[in-house]
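# predicted model and sequence below, questions to follow.
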Amino acid sequence: MKAKEYMKMTSSDLEKELVELKSELFKLRFQSATNGLDNPMKIRNTKRNIARIKTILKEKELNEA
């Protein structure tokens with residue numbers, strides 16, 4: 001997803017998405033360690049999406065305070 005799409009989401013939706021992405025990252029790392037991954041860029045993209053969500057959550061938190 002793009003950052004603009006994440007910005008439109010509510011904080012609770014972002015937190016749910018963050019949990020899903022973290023579990024996906026765990027699965028991707030596990031696949032990479034065991035039998036190799038078809039597309040190693042998935043790990044990188046997932047990490048970036050996690051960082052995007054964390055940044056947007058922090059921005060929303062600072063704007064509310």
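Yep, that arrived.

# buried set for the strand or helix carrying residue 19?
Taking DSSP states H and E as the definition, residue 19 sits inside helix 11-34. For helix 11-34, burial by neighbour count (16 or more other Cβ atoms under 10 Å) applies to 14, 17, 18, 21, 25, 28. No exception for glycine: its C-beta is placed from N, CA and C like everyone else's.

# burial measure for residue 6, as a count.
Neighbours of residue 6 under the rule other Cβ atoms under 10 Å: 18.

# element containing it?
Going by DSSP H and E, residue 6 is in helix 3-7.

# return that helix as PDB; C-alpha atoms alone will do.
Taking C-alpha atoms only, helix 3-7 is exported to PDB below (Å, rounded to 0.1, in the frame of the first residue of the first chain):
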ATOM      1  CA  ALA A   3       1.500   6.000   2.400                       C
ATOM      2  CA  LYS A   4      -1.600   8.000   1.300                       C
ATOM      3  CA  GLU A   5      -3.800   5.000   1.600                       C
ATOM      4  CA  TYR A   6      -2.400   4.400   5.200                       C
ATOM      5  CA  MET A   7      -3.100   8.000   6.100                       C
END
